[in-house]
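*Asks:* quick one, fold the following:
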Amino acid sequence: MANIQNDHALREALDGLSGDRQRVLGCRFAQGVLRLSTDERVRRAIETGLREDASPGELEDAFRAAKAYATKTYTDCGKDTDWLAQADHFVAAATAAALTPDAQVAERQNRAWKAAVQARMAVNCELIESDEVPDESEAERQYAIADAYLG
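*Replies:* Numbers count the residues shown, from 1 in each chain. Prediction:
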């Protein structure tokens, strides 16, 4: 049974996962911040990525949809603009990271970790916009998501 309480333990757990399990857990991280997305294609891409029985073609289509939306929304990042629009971008980026095809994954890259970091960026943007302090950090939520998935 996993007991993840910090990023080191999370990275260690994620590094031991197969590519398919990284995809599913990465999509769970993206699903955790889906409230910040405004694009239906991103929601559908996450749903596809969560399916254990998704075909390679379905996963490729889901990746392309999420990547296209992340690319489209990238132009607003870094500008003094709408923080929620930037959060929307990072949700799509988290989804695309989780769904990255094997052929595009670098040797030391981990889909789930990259999705986790992008999801945290989405929440950071939300926090800047809202000025509210959550009871639990996104990292802590991710530890619980990983514990539940791996346990």
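
*Asks:* can you list the weak-confidence ranges in this protein?
*Replies:* 1-2, 75-80 (pLDDT under 70).

*Asks:* show me the helices in the protein, by range?
*Replies:* With DSSP state H, the ranges of helices along the chain come out as 7-15, 19-31, 40-50, 56-74, 83-99, 111-130, 138-150.

*Asks:* who's in contact with D61?
*Replies:* Residues near D61 by CB atoms under 8 Å, 6 or more residues apart in numbering: T48. Bear in mind the C-beta positions are built from the backbone N, C-alpha and C, glycine included.

*Asks:* go with 10 Å
*Replies:* Listed by CB atoms under 10 Å, 6 or more residues apart in numbering, the contact partners of D61 are R41, R44, A45, T48, A54, S55, L99.

*Asks:* still on that earlier bit, which of the helices of the chain is buried the deepest?
*Replies:* helix 83-99 (a mean of 26; mean count of other CB atoms under 10 Å).

*Asks:* what is that helix packed up against?
*Replies:* helix 19-31, helix 40-50, helix 56-74, helix 111-130 (3 or more CB pairs under 10 Å, 6 or more residues apart in numbering; DSSP states H and E).

*Asks:* rewinding a little: reformat the helices of the chain as CSV; add distance to V105.
*Replies:* Converted to CSV, the helices of the chain look like this (distance: least, CB to CB, whole Å):
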stretch, distance to V105
helix 7-15, 13
helix 19-31, 7
helix 40-50, 14
helix 56-74, 11
helix 83-99, 10
helix 111-130, 7
helix 138-150, 19
